[in-house]
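Trainee: I need the structure of the sequence given here:
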Amino acid sequence: MGGLISVIVIGVIVLVLIGVVVSMYNGLVRLRNRFKNAFSQIDVQLKRRYDLIPNLVETAKTYMKHERETLEAVIAARNQAAKAEEKVAGRPDDGEAMRQLMAAEGVLSGTVGRLFALAEAYPDLKANQNMMQLTEELTTTENKIAFARQAYNDSVMTYNNGRETFPRNIIAGMFNFDEAQSFEIEEPEQREAPKVSFE
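Mentor: Residues are numbered from 1 along each chain as shown. So this is what the prediction gives:
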């Protein structure tokens, strides 16, 4: 009789342990899915920005004929950022792809900022209705990206905290729940959004 009770107690302990492991695993999966979903919100806004930039360059091209190098740099940076974004969209938990996206976004922000700085010297461009509308749309999109990035970074922090705390860190290690990368601007001068005012 005592042996049967021991077997039942051991069986209950094993079931409880299995339940705890399953619960922790499922919790990590939910946290990972939450930060992946948060990145998809950034993804939508980045694609919108990538769609706006060629229109902006096309509008500026007619007025800024002597600034061809800058216009080409903006398009090249946009294409590089779009390519990096495609990699991350498929796997937002890939830290290296996220770092490449952050670097490409930094270059893009810098080139767009130079475009707007040069555009200040062209009063007809500043007064162009299409340019003003595109500028407004880009400003709105930049704001949405900033909010989406904050939500994503919050989700990444929650996930990383969850995977690093004991005893979840054991489960995270066993099932390859890798550290997620926040979406941060690397260079201090890139932390400022491009100025897009044509007042």
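
Trainee: Can you list the neighbours in contact with the least confident helix or strand in the chain by mean pLDDT?
Mentor: Least confident helix or strand of the chain, by mean pLDDT, DSSP states H and E, is helix 123-127 with a mean of 83. Here helix 123-127 makes contact (CB atoms under 8 Å, 6 or more residues apart in numbering) with 59, 60, 63, 64, 119, 120, 131, 132, 198. From N, CA and C alone the C-beta is placed, and that goes for glycine too.

Trainee: can those go into a markdown table with extra columns for secondary structure, neighbour count and pLDDT?
Mentor: Output for the contacts of helix 123-127, formatted as a markdown table (DSSP: H, G, I helix; E, B strand; the rest coil; neighbours: other CB atoms under 10 Å; pLDDT from 0 to 100):
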| residue | secondary structure | neighbour count | pLDDT |
| --- | --- | --- | --- |
| 59 | helix | 20 | 89 |
| 60 | helix | 24 | 90 |
| 63 | coil | 18 | 84 |
| 64 | coil | 18 | 84 |
| 119 | helix | 23 | 86 |
| 120 | coil | 12 | 85 |
| 131 | helix | 21 | 88 |
| 132 | helix | 16 | 88 |
| 198 | coil | 18 | 45 |
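
Trainee: Which single one of those residues is nearest to residue 110?
Mentor: Distance to residue 110 across those (CB to CB) is lowest for residue 119, with 15.0 Å.

Trainee: Let me see the contact set for that closest one.
Mentor: By CB under 8 Å, 6+ apart, the residues touching residue 119 are 60, 63, 64, 125, 126, 131, 198.

Trainee: distance of it from residue 49?
Mentor: 17 Å (CB to CB, to the nearest Å).

Trainee: Name the residues of the one helix or strand residue 100 maps to that are buried.
Mentor: For residue 100, the element it lies in under DSSP states H and E is helix 95-119. Buried positions in helix 95-119, judged by neighbour count with 16 or more other CB atoms under 10 Å: 97-116, 118-119.

Trainee: out of the contacts of residue 119, who's nearest residue 76?
Mentor: Nearest to residue 76 among these, with distances taken as CB to CB, is residue 60, at 15.1 Å.
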